[in-house]
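J.: structure, please.
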Amino acid sequence: MEKQPKKKYALVTGGSRGIGRAICIQLAKDSGYSILINYNHNEAAALETLKEVENAGTKGEILKFDVANAESVQKTFDGWFQKNENAVIEVVINNAGINKDGLFVWMKSEDWNSVLNTSLNGFYNVTNYLMQQMLVNKYGRIINMVSVSGLKGTAGQVNYSAAKGAVVGATKALAQEIAKRNITVNAVAPGFINSDMTAGLDEKELKKMIPVNRFGEAEEVAHLVSFLASKNASYITGEVININGGIYS
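T.: Numbers count the residues shown, from 1 in each chain. Sure thing, here's the model as predicted:
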C-alpha cells in the first residue's frame, strides 16, 4: 500500500493576539502549512485568529496549553499526535511571553519566575518535545521571538531582559547542534511594535529614540518570521535578526 504523504503543520505559541496572531495569518498566506494556534487563557481571541487563518484559505486549529507547564505541553501533544498520526510539525514559532515590569530592587520572586518560566522554560518544553520528530525527518524551522530588551537590556525589565537574553544564547547553541539535520534555529528581536504589550507606552515620546520615527506593526514582524520559516531561509541559522526601526543593531 502506498504511503500517505504527511500533513504538515506550523505551530505558533501565544498565537491568539498581537504579533502571534499576525504570524499565524502570514504563515497561512505564505506557507501552505496548516496552522496550530496555541493559547493559554483567551479562547475567544484564539478563535478569532483561527477565523482569520481560515479566511486566508488555510486550515488551522487551536491548542490550549501553558508553555511554562511541562506536563501540560507533553499531555497536549501526546493527545494531538494520537489523533493526527500522519502529521508532522515542521515549523515551531516560540512566541509566547509575558512581562511583569518593575524595578529589580522591588521585584517579587513570582514576577521573576513567571516571566522566565514562560519565555525560557516555555522554549525548552515546546522545542524539546517537537524537535525529536524534526531530527528523524531531517527538516525543521525553529524561530524564537526575543526582544531588543534581551540584547541591550531595558531598565525596569530585568526579568524580561534576562529571559529573552537566555533564549538568544539558547538559539545560537541549539543552531550549532542540529544544523547538519537541516533544522535551522533563529531568533527575531522586535523593538517597539504596536501590540497589547506596548499599549501603555508613550509612543509620542518614545518614537523620538527610533530612527524611523514610529513604532513597528505586527505584520512587519510576521513577514520576517514567515521568510525564516520558509525553505528560502535554509542557509540562515543561529542568527538574531533585529526588527526595530534602527533603535539598536
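
J.: residue contacts, the closest residue in space to Ile37 that isn't next to it in sequence?
T.: Excluding the flanking residues, the one nearest Ile37 by Cβ to Cβ, 6 or more residues apart in numbering is Gly15, at 4.0 Å. C-beta coordinates here come from the backbone N, C-alpha and C atoms, glycine included. By Cβ atoms under 8 Å, 6 or more residues apart in numbering, the contact set of Gly15 is Arg21, Ile23, Cys24, Ile35, Leu36, Ile37, Asn38, Tyr39, Ala46, Thr49, Ile93, Asn95.

J.: among these, name the ones in helices.
T.: Judged by DSSP state H, the subset of those located in helices is Arg21, Ile23, Cys24, Ala46, Thr49.

J.: look up how far Thr13 lies from the fourth one.
T.: Taking Cβ to Cβ, to the nearest Å as the measure, Ala46 and Thr13 are separated by 12 Å.

J.: one step back: max pairwise distance over the ones in helices among the contacts of Gly15: which two?
T.: Taking Cβ to Cβ as the measure, these span a maximum distance of 13.4 Å, between Ile23 and Ala46.

J.: who touches the biggest helix by length in the chain?
T.: Under DSSP H, the helix in the chain containing the largest number of residues is helix 158-178. Identification of contacts with helix 158-178 by Cβ under 8 Å, 6+ apart yields 94, 97, 99-101, 104, 107, 111-112, 115-116, 118-120, 123-124, 127, 131, 134-135, 140, 142, 144, 146-147, 149-151, 153-154, 184-187, 189, 237-240.

J.: returning to that earlier point: more neighbours: which of Ile23 and Ala46?
T.: Set Ile23 next to Ala46 and count neighbours by other Cβ atoms under 10 Å: Ile23 wins out with 31 against 26.

J.: now do the contacts for that one.
T.: Ile23 neighbours (Cβ under 8 Å, 6+ apart): Val12, Gly15, Ile93, Asn95, Val221, Ala222, Val225, Ser226.

J.: and what of Phe104?
T.: Val158, Asn159.

J.: need the residue closest to the centroid of this structure.
T.: By Cα atoms, centre = their mean, the chain has its centre lying nearest to Asn95, at 2.3 Å.

J.: on that earlier part again, from the contacts of helix 158-178, which land in strands?
T.: Of the contacts of helix 158-178, the ones assigned to strands by DSSP state E are Asn94, Gly140, Ile142, Asn144, Thr184, Val185, Asn186, Ala187, Ala189, Val240.

J.: Throw these into a markdown table and include distance to Pro211 and pLDDT, thanks.
T.: Below are these laid out as a markdown table (distance: Cβ to Cβ, whole Å; pLDDT from 0 to 100):
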| residue | distance to Pro211 | pLDDT |
| --- | --- | --- |
| Asn94 | 28 | 98 |
| Gly140 | 35 | 98 |
| Ile142 | 30 | 98 |
| Asn144 | 25 | 98 |
| Thr184 | 29 | 98 |
| Val185 | 29 | 98 |
| Asn186 | 24 | 98 |
| Ala187 | 22 | 98 |
| Ala189 | 16 | 96 |
| Val240 | 19 | 97 |
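
J.: of all the residues you listed, which two lie farthest apart?
T.: Among the ones in strands among the contacts of helix 158-178, Gly140 and Ala189 lie farthest apart (Cβ to Cβ), at 20.9 Å.
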